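K.L.:
The amino acid sequence is not available; the structure is as follows:
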DNA sequence: TTGTAAGCGTTATCAC
DNA sequence: GTGATAACGCTTACAA
């Protein structure tokens, strides 16, 4: 790998400015005790030599790092790329840096996380991915605070922030029930992922004890094309009667469903079939879709995540683990009939 | 800021494993000269103590850093978030890390770049943003290779990779001309940005010397809502006759136009008015839009960018600057009439 | 306020 | 192959 050109160091600047080397360090440290005059002289010398402090050296000696690692899964889902953007902007605003990692769907994320932990990072945010207990132990040993974003981890004691997937989906279920849905198709995401599981359960809960309900589930692979293909498979042949309602556990799949229903089967939404998603991605709100969905309040979720990261690592694990569950916002949209009274 | 907990160091591991400290370093260096037996013993000790090498110290001492900084502008445009994703995945695949920065539209990017250069990074990718000559000089002094992505910089001598914006737009112009477009509306992006300028010029070039053409330009602010609002302003009042064709210099604006035309004015595309965009974002390819556009071959552009980053910095500037211009791919779509013969 | 000196945790160099 | 020892470039006592 590229060996870096030897940089200009604080010694060089010190010599040119006629001061000691630590003085240079002070000149670049806001609030350090140094006369304005001397600082100016040093900064001028620095500019002349194209000097900037080396963050690695500075981090090493000060034993701090203003870096936060963000591990994103499934960036093909616009929800997660929108989320990454919010993380980058928020973290940058507090003068910290983002070390960005992505982990491909279904691939082992341990390698990537291990990579991240070799940095003395201030914190690790894990978005839509699993974390092995081995790594949890490692993060503990390293004293790196970890917060799971939008993922409930089975039997784990990690802190996390997530949207109220169950209740949000339950609301959508109730709306569909009120709108007369009886034969329902649920499009799952990652069948193992907590997000999908919680949403399916929440949605189903709205129909508990109601007679004459048929619910069917198919897999949409958490992607546009996965959901689209699922629709084509389901409706393509001479199968059972059409359902009258579809709940896709996320918006990108709902969009895939909508396109397939319209284009391949000429079905009108919501007249022929009603539809709902979850997440509130920008794309779903465009005029051709105006998807009825529950919006995850990303800004708030991100800021609470960063807030948790401030806590001491030992307060983020085990009995002290913080689970923050944030309610989603219903977006009425037009894909469930009779949403007029929800209009803003 | 958070002071990090003191980590387990290679000395601790060395003591436990009964070896010297450098041996620990070797155990973690692929291909270093150490017996397999000793390495195993050391790795076991490391695992027991939750030791991982400190990248900062390692970088400092080895004078190399496997980090690449990516500065993204306008992440609200899906093209750039899709691009960031490709950068993250590509860079990660070569065992390097991504330091991600975002610069808000129109905001000064110098601060952010300065921040990035305090890291001894292997390279800096600048996406859709300007770089002041001062910073160019600094990057030179620091020996950090810089490559501009999708942005031609006026009078600058920086290396860059971009799509052939002029020719791609010219193709769209010719198609529209062949389809009978006479009164044309161009929706600009950032009026200062080279991307928008080149696309406008390329598009106009297709109508050079053709009689009876009227071309009008409006600003769409490079965003969905900007373009949407521009349409509403333009078509809302009792203005001049409708144009028969709209060229938005990027897809996200074309989508904004499409929605406004359909929803607010009941215009059918392409029957009442034809439309084209540029970029090839996923959203534009969905069934409700099937936008006619030119796709930027992002994967190739990214890989060429990373390739350029390998070059010595002095070969990326001045007379040696490399400008790579990559042709875009026409996506026929359905928003210009008579594209049948282009069907795959 | 300022300079001297001692780390921070690695890798690189060089004998053995 | 292995271990001592010197960098790497900075921050932080401590003394002046």
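P.N.:
Thanks, I have the structure now. Just so you know, these numbers come straight off a predicted model, no measurement behind them.
K.L.:
which residue packs closest to residue A:96, ignoring adjacent ones?
P.N.:
Leaving out its chain neighbours, the residue that sits closest to residue A:96 by Cβ to Cβ, 6 or more residues apart in numbering or on different chains is residue A:66, at 4.3 Å. Just so you know, the C-beta spots here come from the backbone N, C-alpha and C atoms, and that holds for glycine as well.
K.L.:
give the contact list for the one you found.
P.N.:
If you count contacts by Cβ atoms under 8 Å, 6 or more residues apart in numbering or on different chains, residue A:66 has them with A:59, A:95-97, A:122, B:1.
K.L.:
Next: residue A:59.
P.N.:
So residue A:59 contacts A:65-66, A:120, B:56 (Cβ under 8 Å, 6+ apart).
K.L.:
average model confidence for the host helix or strand of it?
P.N.:
Assessed by DSSP states H and E, residue A:59 sits inside helix A:55-62. The pLDDT scores in helix A:55-62 average 92.
K.L.:
So it, near DNA strand D or not?
P.N.:
Yes. Helix A:55-62 is in contact with DNA strand D by Cβ under 7 Å from any atom of the strand, via A:57-58, A:60-62.
K.L.:
Quick one, which of those residues are buried?
P.N.:
Buried members of the residues of helix A:55-62 next to DNA strand D, scored by 16 or more other Cβ atoms under 10 Å in any protein chain shown, are A:57-58, A:60.
K.L.:
tell me, which of the residues you listed make contact with chain B?
P.N.:
Applying Cβ under 8 Å from any Cβ of the partner chain to those, one finds that A:57, A:60 fall near chain B.
K.L.:
ok, the buried ones among the residues of helix A:55-62 next to DNA strand D vs DNA strand C, which is closest?
P.N.:
Set against DNA strand C, the nearest of those by Cβ to the nearest atom of the strand is residue A:60 (4.2 Å).
K.L.:
Next one: that closest one from residue B:153, what distance?
P.N.:
Between residue A:60 and residue B:153 the computed distance is 35 Å (Cβ to Cβ, to the nearest Å).
K.L.:
Break down chain A into its helices, ranges please.
P.N.:
Taking DSSP state H, the helices of chain A run over residues A:10-17, A:21-27, A:36-49, A:55-62, A:78-93, A:110-117, A:133-142, A:165-178, A:194-205, A:224-236, A:251-265, A:282-285, A:298-310.
K.L.:
So which of the contacts of residue A:59 is the closest to residue B:128?
P.N.:
Nearest to residue B:128, judged by Cβ to Cβ, of these is residue A:66 at 25.2 Å.
K.L.:
And that closest one, how close does it get to residue A:254?
P.N.:
Taking Cβ to Cβ, one finds residue A:66 at 39 Å from residue A:254.
K.L.:
Check residue A:43 too.
P.N.:
Separation of residue A:43 from residue A:254 (Cβ to Cβ) stands at 55 Å.
K.L.:
One more: residue A:212?
P.N.:
Separation of residue A:212 from residue A:254 (Cβ to Cβ): 25 Å.
K.L.:
Looking at these two, which has the bigger crowd around it?
P.N.:
residue A:254 (32 against 7; other Cβ atoms under 10 Å in any protein chain shown).
K.L.:
The more buried one touches residue A:281, doesn't it?
P.N.:
No. Residue A:254 lies out of contact with residue A:281 (Cβ atoms under 8 Å); the separation is 9.5 Å.
K.L.:
ok, residues contacting stretch A:223-238?
P.N.:
Applying Cβ under 8 Å, 6+ apart, the external contacts of stretch A:223-238 come out as A:76-77, A:185, A:187, A:218-221, A:242, A:248, A:252-257, A:259-261, A:264-265, B:282, B:286.
K.L.:
The residue in the stretch 201-344 of chain A that chain B sits nearest to: how many residues sit nearby?
P.N.:
Going by Cβ to the nearest Cβ, chain B is nearest to residue A:288 of the stretch 201-344 of chain A, at 3.8 Å. Neighbourhood size, residue A:288 [other Cβ under 10 Å]: 19.
K.L.:
Excluding chain neighbours, give the residue nearest to it in space.
P.N.:
In this structure, residue A:288 finds its nearest non-sequential neighbour in residue B:288, 3.8 Å apart by Cβ to Cβ, 6+ apart.
K.L.:
pretty sure the one you found contacts residue A:259?
P.N.:
Yes. If you go by Cβ under 8 Å, residue B:288 and residue A:259 touch, sitting 7.1 Å apart.
K.L.:
For residue B:97, see how far away residue A:94 is.
P.N.:
If you go by Cβ to Cβ, the gap between residue A:94 and residue B:97 works out to 20 Å.
K.L.:
These two: who's more crowded?
P.N.:
Applying other Cβ under 10 Å to residue A:94 and residue B:97 shows that residue B:97 carries more neighbours, namely 25 against 10.
K.L.:
For the more buried one, give its distance to residue B:88.
P.N.:
According to Cβ to Cβ, residue B:97 and residue B:88 sit 10 Å apart.
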